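[1] need the 3D shape of this:
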Amino acid sequence: SVLPLANNGISNDYNCFQISTTLSVDNIYTSTYAWYKKHTVQGTDSTFLDSTSSIFLPYVVPEDTGLYVCHININNGCIKRTYYYRLDGSCYQYLPVTLKEFSGHYNESNAILNWKVEAGSDIKRFVVERKYNSGFRQIGVVNVGVDPPVDATYSFTDAQPDPLFNYYRLKMVRYNNTVVYSNVVSLSRLKEPALANIYPNPVQDIVTIEFKKAHRYNIKLVTLASHVLKEFTYNAGIGKRLLLPRPKETGTGIYIIRITDLTDNLELAQKLFFR
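    Numbers count the residues shown, from 1 in each chain. Prediction:
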C-alpha cells in the first residue's frame, strides 16, 4: 500500500527576490519526480529542471519567476500527482481584491450570478452564499484555475432560489486563506406593485413607501412568524411618500410589510431585508 501525500502540493520557503528558497514536495519511498518550469499551465514552453523531491533556487531573480510544475510517480505509476506553484517574488504581499462586476438575473426558475475580478487578485476560490433567516449560508463553490486568464469571468446557477426575494454575496478566499466579502446582490421576481413602491431593500434605517392612489391604507410590519411589530392606518395622496423608521426591536433578518388599501380592499405583501 502507498501512504497518501501529506502536503498535497508544492511548499516554498520564500517567495521573495534576492533570497534563496527551496521548492519541495513530499519525499516518498519508491517515487520518481520531474520538475519543470513554464509560463502557463497550458503552455508548451516547459523547461526540465530536476528529478528530486525538491529544487533549490539561490538568490531569486526575475528570471526565476514563473510556474513551477512537479510530476510525481509512485510505485511505477500506481499513483500519479501533478502540483503547481507560481513563483513571482511578491514576498506574499497579496494585492487587494477588486470586484469589477457582480450581478444576477433570473433564467426561468434559476437565478444566475455573474462576476469578474481584476487580474492579480490572487483568489483560489469563490464561495457563493445566500441569505437565510439565520444569516448567509454557503450554496456553492467556484474554484479558480492555477493560471486564470486576465479577463476571466465567473458564474454560478442557483437552481432552487426563493420564489420572491434572494440575497447573494461572494466569500472570496485568497491563497493565504484570508477572506474578503463582496457586496450583496438582491434579486426579486415581484413585478412593480399596484398599490405602492417600497424602498430601499435591503433596509438600513428607514423604509420609504410611495403611494399610487389617494386612499386610506392599513400598514403592518410583521415577522416571518406573523408577529406584529408595527401597525397603523394612513391617509395617502397620489405620489405621497411615507418614511417609516425601522422599529428598535428589529434585528438583522427578513420581515414582511403588508399594505392594505381600505378603499379598494387590495393588499400588497413584500419581504424586507433589514441589515
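[2] bridging residues for Lys271?
    When bridges are called by DSSP bridges, Lys271 pairs up with Ile256.
[3] count residues in the vicinity of it, would you?
    Using other Cβ atoms under 10 Å, Lys271 has 17 neighbouring residues. Just so you know, the C-beta spots here come from the backbone N, C-alpha and C atoms, and that holds for glycine as well.
[4] so it versus Ser186, what's the distance?
    Lys271 is 10 Å from Ser186, where distance means Cβ to Cβ, to the nearest Å.
[5] now the common contact residues for these two.
    Taking Cβ atoms under 8 Å, 6 or more residues apart in numbering as the criterion, Lys271 and Ser186 both touch Phe165.
[6] the host helix or strand of Gln138 pairs with which strands?
    Using DSSP states H and E, Gln138 sits in strand 135-143. The pairing partners recorded for strand 135-143 under DSSP bridges are strand 123-132 (antiparallel).
[7] what are the contacting residues of the partner strand?
    With contact meaning Cβ under 8 Å, 6+ apart, strand 123-132 is reached by 97, 113, 115, 117, 136-144, 154, 156, 158, 161, 166-175, 184, 254, 273.
[8] same deal with stretch 247-261?
    Under Cβ under 8 Å, 6+ apart, the answer for stretch 247-261 is 131, 133, 135, 165, 195-196, 198, 207, 209, 213, 215-224, 229-230, 266-275.
[9] drop anything exposed from those.
    131, 165, 195-196, 198, 207, 209, 213, 215, 217, 219-222, 229-230, 268, 270-274 (16 or more other Cβ atoms under 10 Å).
[10] poorly predicted segments of this protein, please.
    Scanning the chain with the threshold set as pLDDT under 70 gives 1-8, 90-98, 119-121, 134, 146-151, 190-194.
[11] name the element the residue positioned nearest the centre of it belongs to?
    What sits nearest the mean C-alpha location of the chain, by Cα atoms, centre = their mean, is Leu170, with 1.8 Å. Taking DSSP H and E as the definition, Leu170 sits inside strand 165-174.
[12] then that strand to CSV, C-alphas only?
    C-alpha atoms of strand 165-174 as CSV (Å, rounded to 0.1, in the frame of the first residue of the first chain):
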residue,chain,number,x,y,z
PHE,A,165,-36.6,37.5,-2.9
ASN,A,166,-32.9,36.3,-2.9
TYR,A,167,-29.8,38.0,-1.5
TYR,A,168,-26.4,36.7,-2.5
ARG,A,169,-22.8,37.5,-1.7
LEU,A,170,-19.3,36.1,-2.5
LYS,A,171,-16.8,34.9,0.0
MET,A,172,-13.5,35.3,-1.8
VAL,A,173,-10.7,33.1,-0.4
ARG,A,174,-7.1,34.0,-1.2
